[in-house]
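Chemist: model this:
(2 chains)
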Amino acid sequence: MNEPNTSQFSPLRTHLGRTVLITGAGQGIGAALAAGFLSRGAAVGLLDIAPEHLNLRAAELNKAGARLAAAVADVADHEAVTEAVERLSETLGATFDVVVCNAGISPKHEGRGVPMAGMDPAEWRRVVDVNLTGTFNVVHATVPQMIATGYGRIITIASVAGRTYFPHVGAHYAASKSAVIGFTKHLAGELGPHGITVNALAPGRITTSLIRTVSQQVNDEVVAATPLGRLGEPEEVAEVALFLTSDAARFVTGQVIDVAGGWLMT
Amino acid sequence: MFDFTGKVLALTGANGGISQAIASLFYGYGASLVLSDVNGEGLDQFAVELDPSGTRVATIAHDVSKSEDADAMAALAEERFGSVDFLVTGAGLYLAQLVESMTDDQWRQSMAINLDGVFYTCRAMIPKLRDGGAIVNIASMAGHRGSFQHAHYAAAKGGVLVFSRSLMHELAPRGIRVNCISPGLIETPLIQPLLRSQGEALLRATPLKRFGKPEEVAGVVAFLCSRAAGFVNGETIHVNGGLYVVG
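Modeler: The predicted structure is shown next:
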């Protein structure tokens, strides 16, 4: 059977010499990404808005004497992101050549996305600021160095909700994730000549704190509609990001890869 | 990158450019191989170079348009290695023909090799596949956006994409994942005529400013077969340097 892959990441040194920035690294998929890239030999910069999660994660990952640095910033704040990236680079002694734009929010009200007609415009703006503008801010702060070195790997985190109607999120989340996909494809064309690949992951339902804010019934519905008959694990998303940033995927760019167990097939 | 020791790969069209790279990569990762190709002699030559002892590689002549050949390949896989972990359908035929002057036989031949062959091979292998295994069908960029002078090929490859997504539902309860790869322009003998006539324009349209290499497709096949892709199912990964990013 297809059991979730939550085992330790294989100790391959596929990312030795790489310096990786991960946003939203404090928990969930971001935390799995951090563990994955560290296990592959990369130096990792962690960025998160919540100091409590970030510090906990950094302390946990630091045990093995890994090369890692952490900074608190709101990705929606361009200035704060630019400053944090500079600080992290300085601490790690290298500029970032791999970036995973993972920070994202999906506000829920009593376990459901609020209907658009009743949506507070401030909530709309916040979701777009974090999920879309935050992705721009992080890439904007790191891409000049990639262009300068002629190498880069950018991963954005979209969602199946950015590709089709997904009843369990709000319209702001869906729209922002669709926009992330457009941003990704455009960047692939623009940055390809500089040796930079840009790809998006579109996770389905992954067992993170985001999904624990919704009712069990919602998650049961998704499992029932997922051919593999289960939810995904954060490590399974991280594995795809590790692959897409590895040398083996060097001719893959501008693509959106679903990590959804067959829930949506595109 | 991956450890496929003790795993068995069944691969059609194995003497082709991309498939040879897949065979070499999986062999290097420790897998045993059941290779088939319409050119049995050429395949044997390739297999001997790959595994002179023949202990981890078995070969069979295989016209994918014939269902009995697929059954023979499946029987060989069982006889030599007991079962199969990964099935990759690499056989294909890519000829330039305009619809207006395309004969019934030309249309049928393309359908038979590019689409019927995938059905026959998958059907024959399903009973041999171990639970938790993986199928990767090699489709094509043409199957998504169409292709001038290749309407039959493109139609067949489009068929492979939806066939795969349908088969995915049938095999998911056994934990067998079914995914596709759609290569773009990969430097193989198959596309030399195309490169001669339109190579420069296609290169200009490719963001990475180069064509792909067979190994660059093989690496993605290996990923899709591996546990690292455990929640990737019913997907198509394009390997095209950014030439086509729709969908």
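
Chemist: how many residues are close by B:Asp105?
Modeler: Neighbour count for B:Asp105, taken as other CB atoms under 10 Å in any protein chain shown: 9. Bear in mind the C-beta positions are built from the backbone N, C-alpha and C, glycine included.

Chemist: now do the contacts for it.
Modeler: With contacts defined as CB atoms under 8 Å, 6 or more residues apart in numbering or on different chains, B:Asp105 has no neighbours.

Chemist: how about the helix or strand containing it: buried residues?
Modeler: Secondary structure assigned from DSSP states H and E places B:Asp105 in helix B:104-111. Judged by neighbour count (16 or more other CB atoms under 10 Å in any protein chain shown), helix B:104-111 contains these buried residues: B:Trp107, B:Ser110, B:Met111.

Chemist: then stretch A:105-112?
Modeler: Buried residues in stretch A:105-112, counted by 16+ other CB under 10 Å: A:Ile105, A:Ser106, A:Pro107, A:Lys108.

Chemist: not counting sequence-adjacent ones, nearest residue to the first one?
Modeler: Read that as A:Ile105. With CB to CB, 6 or more residues apart in numbering or on different chains as the criterion, A:Ile105 has its nearest non-adjacent residue at 5.0 Å, and that residue is A:Val130.

Chemist: now do the third one
Modeler: Leaving aside its sequence neighbours, A:Pro107 sits nearest to A:Glu123 (CB to CB, 6+ apart; 5.7 Å).

Chemist: make sure A:Val85 is indeed in a helix.
Modeler: Yes - counting by DSSP: H, G, I helix; E, B strand; the rest coil, A:Val85 is located in a helix.

Chemist: what's the strand or helix carrying A:Val198 packed up against?
Modeler: Assigned by DSSP H and E, A:Val198 belongs to strand A:196-203. Using 3 or more CB pairs under 8 Å, 6 or more residues apart in numbering or on different chains; DSSP states H and E as the contact test, the elements touching strand A:196-203 are helix A:134-149, strand A:152-157, helix A:171-191, helix A:234-244, strand A:256-259.

Chemist: what mean pLDDT does the second one have?
Modeler: Just to be clear, that refers to strand A:152-157. Averaged across strand A:152-157, the pLDDT comes to 98.

Chemist: that one near chain B anywhere?
Modeler: No - using CB under 8 Å from any CB of the partner chain, strand A:152-157 stays clear of chain B, with a minimum separation of 12.1 Å.

Chemist: pick out the residue of the stretch 101-250 of chain A closest to chain B.
Modeler: A:Gly192 (2.4 Å; CB to the nearest CB).

Chemist: verify the stated contact: that residue with B:Thr206.
Modeler: Yes - contact status for A:Gly192 versus B:Thr206: in contact at 7.5 Å, counting by CB atoms under 8 Å.

Chemist: in the chain, which helix or strand is least confident?
Modeler: Chain wasn't specified; assuming chain A. One helix or strand of chain A scores below all others by mean pLDDT, DSSP states H and E: helix A:209-212, with a mean of 76.

Chemist: correction: the question concerned chain B.
Modeler: Going by mean pLDDT, DSSP H and E, chain B bottoms out at helix B:192-205, a mean of 91.

Chemist: angle of that one against helix A:171-191?
Modeler: Relative orientation of helix B:192-205 and helix A:171-191, computed by axes from the mean of the first three to the mean of the last three CA atoms, to 10 degrees: 110 degrees.

Chemist: B:Ala75: neighbour count?
Modeler: Counted with other CB under 10 Å, B:Ala75 comes out at 13.

Chemist: tell me how far it lies from B:Asp85.
Modeler: Applying CB to CB, to the nearest Å, the value for B:Ala75 to B:Asp85 is 17 Å.

Chemist: what of B:Arg227?
Modeler: If you measure B:Arg227 against B:Asp85 using CB to CB, the figure is 11 Å.

Chemist: the more surrounded of these two?
Modeler: Legend: neighbour count by other CB under 10 Å for B:Arg227 and B:Asp85, higher for B:Asp85 (22 against 16).

Chemist: from memory the more buried one sits against B:Ala134, does it?
Modeler: Yes - shown here, B:Asp85 and B:Ala134 form a contact pair, counting by CB under 8 Å, at 7.3 Å.
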